[in-house]
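A.B. asks: here are the coordinates; sequence isn't available:
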C-alpha cells in the first residue's frame, strides 16, 4: 500500500506560533509533518527577502478530527475572550467576511466571529457562506501566465553565450518558476513560449560554460 500523502492544514508565521497545535496533535497521537515554506513565489527575478512561514501538514483522514479538537478547545477559550480582542470591533459585514473567507483566518477567529454575530441578533449560515466562497473560487477565470520582461530574456541569452552562470539561472527561472493559487493549485508563472526560451538559454549556457572551461584547461 503506498504511503498516505500529507496535505497542508495550517500555516504560521513562526514555529513558536504552531507550538499549541503541535502539542494537541502529539497529545492525541495524530501524525503530522512540518516545514518552512515560501507562501508565494515572486514571478520576477529580484533580491527581495523571502518571508518563510511554518507549515503544518496532516493526513486527509485526520483533518476533520483535528478541526473538532481545536473547536472544542476554542469554544472554552471564547467564553473568556478579552473584549479588547480586535474582532470585537469588527462590523457585522466584516464578521461575515471572516466566516466567508474562513481559510484565511484561524479557527478561533472563525468561531468567535460566528458567536459575535449571534450575540448581535444574526443567525449566520456558516456552511452556506463557505459554500458560496468555494463556488466563487471555482467560477473565477484561470490566471494567465505572466509574460517575462524582454530585457531578462535578452540578458539571459547574452550571458549564456558568454558562458555566464547568470544566464543558466535566468533560463532555469523562466522554465521552472511556479506560483500557488488560492485553491492550492501550482501553475507555471511564465507562458509556454517563455519557458521554451528558458530551455534554450539553459542549453546555450551549459554549452558555453563547458567550452570556456575547456579553453582554460588547454591554456
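C.D. replies: Looks like it came in fine. The structure displayed is predicted, hence computed values, not measured ones.

A.B. asks: from the chain's centre, how far out does stretch 23-42 sit?
C.D. replies: 13 Å (C-alpha atoms, centre = their mean, to the nearest Å).

A.B. asks: same deal with stretch 196-214?
C.D. replies: On C-alpha atoms, centre = their mean, the centre of stretch 196-214 falls 32 Å from that of its chain.

A.B. asks: domain assignment for the chain?
C.D. replies: Domains of the chain are assigned by automatic domain parsing as 1-59, 81-140, 150-218.

A.B. asks: what comes up buried for stretch 102-113?
C.D. replies: 102, 105, 106, 107, 108, 109, 110, 111, 112, 113 (16 or more other C-beta atoms under 10 Å). Using the backbone N, CA and C atoms, a C-beta is placed for each residue, glycine as well.

A.B. asks: repeat that for stretch 23-38.
C.D. replies: Residues of stretch 23-38 classed as buried: 25, 32, 34 (neighbour count, 16+ other C-beta under 10 Å).

A.B. asks: redo those residues as CSV? Include pLDDT, distance to residue 15 and secondary structure.
C.D. replies: Listed next are the buried residues of stretch 23-38 as CSV, based on pLDDT from 0 to 100; distance: C-beta to C-beta, whole Å; DSSP: H, G, I helix; E, B strand; the rest coil:
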residue, pLDDT, distance to residue 15, secondary structure
25, 94, 14, helix
32, 94, 13, strand
34, 92, 8, strand
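
A.B. asks: pipe these into a markdown table and attach distance to residue 93 per row.
C.D. replies: Shown next, in a markdown table, are the buried residues of stretch 23-38 (distance: C-beta to C-beta, whole Å):
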| residue | distance to residue 93 |
| --- | --- |
| 25 | 35 |
| 32 | 35 |
| 34 | 36 |
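
A.B. asks: hang on, the earlier thing: out of the domains of the chain, flag the one nearest residue 67.
C.D. replies: Residue 67 sits nearest to domain 81-140 of all those, at 6.8 Å, using C-beta to C-beta.

A.B. asks: let me see the mean pLDDT of that closest one.
C.D. replies: Per-residue pLDDT values over domain 81-140 give a mean of 77.

A.B. asks: just give me the longest helix of the chain.
C.D. replies: If you go by DSSP state H, the chain has its longest helix at helix 192-218.

A.B. asks: re earlier: closest one to residue 85 out of the buried residues of stretch 23-38, please.
C.D. replies: The closest of the buried residues of stretch 23-38, once distances to residue 85 are taken by C-beta to C-beta, is residue 25, at 25.2 Å.
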